[in-house]
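Chemist: show me the folded form of this:
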Amino acid sequence: PIDNDDELIGRLKRLRDENCSLKEITQTYEIVKRQFQNLSSQHLQLIKTSLECSNTVQMMKKSDLYSPHGRRRFQELRDNL
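Modeler: Predicted coordinates:
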């Protein structure tokens with residue numbers, strides 16, 4: 001079993017290696033399948049959208065939207081659109 005996210009990410013990165021064995025690919029597939037088995041299609045759509053709009057997500061993170069100043073900046077941006 002995978003103990004932490006870093007280990008899972010490491011396994012996924014190793015899949016890019018052309019020398020990765022079929023056994024390792026199969027093991028990683030099973031681990032990923034278990035990790036994501038409870039995701040609904042809404043979760044997957046959110047992940048897909050956040051990847052497609054990564055620049056916007058980064059901009060929103062930098063805007064500190066949960067602070068009073070960040071909320072005000074967001075409202076100004078929304079009003080200007």
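
Chemist: please, which helix or strand holds residue 26?
Modeler: Using DSSP states H and E, residue 26 maps to helix 22-35.

Chemist: now do that helix, average pLDDT.
Modeler: Mean pLDDT, helix 22-35: 91.

Chemist: that helix - contacts with which helices or strands?
Modeler: On a contact count with 3 or more CB pairs under 8 Å, 6 or more residues apart in numbering; DSSP states H and E, helix 22-35 meets helix 5-14. Where you see a C-beta, it was placed from the backbone N, CA and C, and this is true even at glycine.

Chemist: in the helix or strand hosting residue 61, which residues are buried?
Modeler: Per DSSP H and E, residue 61 falls inside helix 54-62. Of the residues in helix 54-62, none count as buried by neighbour count, 16 or more other CB atoms under 10 Å.

Chemist: who's in contact with it?
Modeler: Helix 54-62 has contacts (CB atoms under 8 Å, 6 or more residues apart in numbering) with 50, 74.

Chemist: give me the contacts around the helix or strand just after it.
Modeler: Once the chain leaves helix 54-62, the next helix or strand it forms, by DSSP H and E, is helix 68-80. Here helix 68-80 makes contact (CB under 8 Å, 6+ apart) with 60, 63, 64, 65.

Chemist: ok now stretch 69-81, how far from the chain's centre?
Modeler: 25 Å (CA atoms, centre = their mean, to the nearest Å).

Chemist: just want the angle from the lowest-mean-pLDDT helix or strand in the chain to helix 68-80.
Modeler: Scoring the helices and strands of the chain by mean pLDDT, DSSP states H and E places helix 54-62 at the bottom, with a mean of 82. Using axes from the mean of the first three to the mean of the last three CA atoms, to 10 degrees, the inter-axis angle of helix 54-62 relative to helix 68-80 is 140 degrees.

Chemist: any idea how far the most centrally placed residue in the chain lies from residue 54?
Modeler: Closest residue to the average C-alpha location of the chain: residue 47 at 5.8 Å, with CA atoms, centre = their mean. Distance, residue 47 to residue 54, by CB to CB, to the nearest Å: 11 Å.
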